[in-house]
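[1] With the input below, show me the fold.
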Amino acid sequence: MLAVVGTAWGQVATEANRLYQTEEGRAALARGLGDPGRDGTQKPGELVAALGIGSGATVADVGAGVGYMLPYLSKAVGESGLVLAEDIQSDFLEIARKKVAGEKLGNVKLVLGAETDPRLPPGAVDLELLLDVYHHFDYPEKMLAALAAALRNDGRMAIVEYYQREMPAGHIRLDRDDVIREVESYGFRIASRNDHITNQQYLLIFAKK
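    I've put the predicted structure just below:
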C-alpha cells in the first residue's frame, strides 16, 4: 500500500514514497520489485512456510505491487482458497494482472485500494501480509482500523520489514519495537516476533484484540 504525497494531512512516509509519485519512478521500482533475483534476498518460499497458510484460506497481499508474492500465495491457499492482491497504484496492478493471467493464477483477485483503506471485504480475511509495506503508510491509524475490520475474528496480520539500520536514513519511520507499540495501540496484539532474514528483516504476527 503506497501513499500519495501532497494531501491535506501531515505525512509520515514522505521519503519512502518519493519515487512512487511519478510514472517514471514507479516504472523503475516495478523492475526491482519483479526481478527474479529478488528471491535470493527475500526468500518468499521460506516466508510463506513461516506464515503457515492453510489450504482454503483467504489471504490479502496488502501492497501487492507488481505481484511478486502472488504465485507463492496462490499455491499455498490452493484451488479452494483466495488471494486478494491489493495496491493503490493502478499501473502496478496492471503488471500484476498480466502476471496472474500468464501464470494462470485462477484464485487471485485484484483490489484497487486507497491510501487510508485497502478496500478489503469486511470480516473475510484469514491472513493479511504486509511485505515491506508498513513503512509506506502515511495514515497508519486509518489503515490499521480498516485492516482490523477486514480480518476474521481469528485472523492474523503479518508485517515483514527491514530493520532501520539496513535502509537509508529516513526511509523507515519506526524500528521493530516501535512498530509493535504502534500497531498494538490500534486494535491488535502481538502474537509472535522473529527474524525472517537474520539481523536484517523481521516478521511480526498480530492478532485482533
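
[2] CA only for contacts and neighbour counts going forward, please
    Fine.

[3] what stretches of this protein score poorly on pLDDT?
    Low-confidence regions of the chain, defined by pLDDT under 70, span residues 1-22, 25, 27-32, 34-35.

[4] can you give me the strands in it?
    When secondary structure is read from DSSP state E, the chain shows strands at 58-62, 82-87, 108-112, 125-131, 151-162, 188-197, 201-208.

[5] For Asp39, find the nearest of these.
    Among the strands of the chain, the nearest to Asp39 by Cα to Cα is strand 188-197 (12.1 Å).

[6] follow-up on the earlier one: between the strands of the chain, which gets nearest to Lys99?
    Set against Lys99 and scored by Cα to Cα, the strands of the chain come closest in strand 108-112, at 10.5 Å.

[7] name the helices or strands packed onto the closest one?
    Contact analysis of strand 108-112 by 3 or more Cα pairs under 8 Å, 6 or more residues apart in numbering; DSSP states H and E lists strand 82-87, helix 90-102 as its packing neighbours.

[8] before we move on, back to that, point out the most buried one among the strands of the chain.
    strand 58-62 (a mean of 28; mean count of other Cα atoms under 10 Å).

[9] centre of the chain versus that one, how much separation?
    Distance, stretch centre to chain centre, for strand 58-62: 8 Å (Cα atoms, centre = their mean, to the nearest Å).

[10] partner strands of that strand, parallel or antiparallel?
    Paired neighbours of strand 58-62 in the sheet (DSSP bridges): strand 82-87 (parallel), strand 125-131 (parallel).

[11] OK, contacts around Pro36?
    Pro36 is in contact with no residue at all, counting by Cα atoms under 8 Å, 6 or more residues apart in numbering.

[12] who's the most centrally placed residue in the chain bridged to?
    In the chain, the residue lying closest to the centroid (Cα atoms, centre = their mean) is Leu130, at 2.5 Å. Beta-bridge pairing of Leu130, defined through DSSP bridges, involves Ile159.

[13] just to revisit the earlier point, want to throw the strands of the chain into JSON lines with distance to Ala50?
    Putting the strands of the chain into JSON lines (distance: least, Cα to Cα, whole Å) gives the following:
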{"stretch": "strand 58-62", "distance to Ala50": "14"}
{"stretch": "strand 82-87", "distance to Ala50": "17"}
{"stretch": "strand 108-112", "distance to Ala50": "21"}
{"stretch": "strand 125-131", "distance to Ala50": "12"}
{"stretch": "strand 151-162", "distance to Ala50": "10"}
{"stretch": "strand 188-197", "distance to Ala50": "9"}
{"stretch": "strand 201-208", "distance to Ala50": "9"}
